[in-house]
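Engineer: structure of the sequence below:
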Amino acid sequence: MNIIFFARLFYPHIGGVEKHVMRVSEELIKAGNKVSIVTEGFKKDLAEFEVYGDIRIFRIPVFPTLEKSKKWLIWKWLLAHQQLIFEADIVHIHDVFYWFIPFLFRKRFYLTYHGYEGYKSPTLSAIGQRKVGELLASGTICVGDYMRKWYGARPNLVTYGAVDKRPVGNRKTIKATAIYVGRLSEDSGIMMYLMALKLLRDKGISIRLTVFGDGPQKSEAERYSGTNSLAVRFRGYDDTVINHYQDFELAFVSRYLAIVEAMQVKRPIFAVYNNDIKKDYLRCHPQAKSIAISENEKELADAVSDYYLNSGKWRRRVDEAHNWVKEQSWQQVVKLYRQLWKNGKETFKYQ
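Structural biologist: Predicted coordinates for the structure are as follows:
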């Protein structure tokens, strides 16, 4: 089949949606399909066309256009390259439904919704756009079942991400260490994790933290760590971070992709939320009972303390999560996509 994916950002940009689209594309290509990605040229020096590992990448040259003006450039580019759309057997859109407006009722399409906008409850406009997209699409996938409550979604399929299978390994884990993976932002909770480290240190539990990520709160996080003499190292984004989880005792992660990656190597997971939608995002996870989910730094510090006081309970949690994640492969996710493309809105399943 000739498959085209729309995604706002893609390689070389690093993120959860980008990895999802990349791994699904790679598995489809292994099965003999042709895959193209239409995405934004998010910085100046990116080629408008590139082949990366047999994936054809078409970048819409929108940089440095302001966000509110991008849609006109995107629609103009798509209309000029509409043969890509009409020659495709499958058109599947990741989040950016509005890109497809010029082609509505002219070509079937499918949708995957990956997350939520901003740090608070979705606006009526955001809910409305998703409902229209769901109504017009031939089938939809949601990453997380919380979207039923917050967007009124009725997805045909639900997934929580996947991970490449790998042995747990015999690498030596350094005790009293933690890994943070994610954006350095309010929603991801970086400051809450740092404040919890200070509380733990004041109680006599010193944890050394390595941070993989970047974002708007980086300077604040660095200042707080320095002012409070916390043992924190900031590494920035690293697309090989999956290889580092085993080096650390604890996983400070709050997003689905990082959660399954930590489960895969049997690390205890400490996740945080600071708004109601993030709370539901975490608590709807099939393995929520295996994750320490905290609302503030005190709850988080107490959860880490409990890990050291009740090791047997935590081993059971980690083992249960690991057994579940064994079935969460990218091959399984691709099966969901194939099922959706074959059966459309008649498909109803959770993964």
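Engineer: now the residue nearest to residue 8 when sequence neighbours are not counted: how far from residue 341?
Structural biologist: In space, and not counting its chain neighbours, residue 8 is closest to residue 96: 5.1 Å by CB to CB, 6 or more residues apart in numbering. Every C-beta, even on glycine, is put in place using the N, C-alpha and C of the backbone. According to CB to CB, to the nearest Å, residue 96 and residue 341 sit 19 Å apart.
Engineer: with residue 27 instead?
Structural biologist: Using CB to CB, one obtains 14 Å as the distance from residue 27 to residue 341.
Engineer: which helices and strands does the host helix or strand of residue 260 pack with?
Structural biologist: Assigned by DSSP states H and E, residue 260 falls within helix 256-264. With contacts defined as 3 or more CB pairs under 8 Å, 6 or more residues apart in numbering; DSSP states H and E, the packing partners of helix 256-264 are helix 16-30, strand 174-181, strand 269-272, helix 311-325.
Engineer: contact partners of that helix?
Structural biologist: Under the contact criterion CB atoms under 8 Å, 6 or more residues apart in numbering, helix 256-264 has outside partners 16, 19-20, 143-144, 160-163, 165-166, 179, 181-182, 241-242, 245, 251, 253, 269, 271, 285, 287, 290-291, 318, 321-322, 324-325, 328.
Engineer: select only the buried ones of the residues you listed in ChimeraX?
Structural biologist: Only the buried members of those end up in this ChimeraX selection, burial being decided by 16 or more other CB atoms under 10 Å:
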select :16,19,20,143,144,160,161,162,163,179,181,182,241,242,245,251,253,269,271,285,287,290,291,318,321,322,324,325,328
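Engineer: who's in contact with residue 98?
Structural biologist: Under the contact definition (CB under 8 Å, 6+ apart), the residues listed for residue 98 are 71, 129.
Engineer: give me that answer again for 10 Å
Structural biologist: Residues in contact with residue 98, defined by CB atoms under 10 Å, 6 or more residues apart in numbering, are 71, 74, 75, 129, 132, 133.
Engineer: try residue 137
Structural biologist: Taking CB under 10 Å, 6+ apart, we find residue 137 in contact with 91-93, 97, 100, 108-112, 156, 340, 344-345.
Engineer: next: residue 215.
Structural biologist: With contacts defined as CB under 10 Å, 6+ apart, the neighbours of residue 215 are 182, 183, 184, 185, 186, 187, 188, 190, 221, 237.
Engineer: give the helix, strand or coil label for it.
Structural biologist: Secondary structure, DSSP: H, G, I helix; E, B strand; the rest coil: residue 215 is coil.
Engineer: how far away is it from residue 221?
Structural biologist: Applying CB to CB, the value for residue 215 to residue 221 is 9 Å.
Engineer: same check, this time on residue 339
Structural biologist: To residue 221, residue 339 is 42 Å away according to CB to CB.
Engineer: still on that earlier bit, possible to save the contacts of residue 215 as JSON lines with secondary structure?
Structural biologist: Output for the contacts of residue 215, formatted as JSON lines (three-state DSSP):
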{"residue": "182", "secondary structure": "coil"}
{"residue": "183", "secondary structure": "coil"}
{"residue": "184", "secondary structure": "coil"}
{"residue": "185", "secondary structure": "coil"}
{"residue": "186", "secondary structure": "coil"}
{"residue": "187", "secondary structure": "coil"}
{"residue": "188", "secondary structure": "coil"}
{"residue": "190", "secondary structure": "helix"}
{"residue": "221", "secondary structure": "helix"}
{"residue": "237", "secondary structure": "coil"}
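Engineer: most neighbours, which of the residues you listed?
Structural biologist: The member of the contacts of residue 215 surrounded by the most neighbours (other CB atoms under 10 Å) is residue 190, with 28 neighbours in all.
Engineer: list the residue ranges of the stretch 101-250 of the chain that fall below the pLDDT cut-off.
Structural biologist: 167-171 (pLDDT under 70).
Engineer: contact partners for residue 101?
Structural biologist: Residue 101 makes contact with 71, 74, 75, 78, 132, 133, 136, according to CB under 10 Å, 6+ apart.
Engineer: in a helix, that's where the first one is, yeah?
Structural biologist: Read that as residue 71. Yes: assigned with three-state DSSP, residue 71 falls within a helix.
Engineer: pLDDT score for it?
Structural biologist: Residue 71 is assigned 94 on the pLDDT scale.
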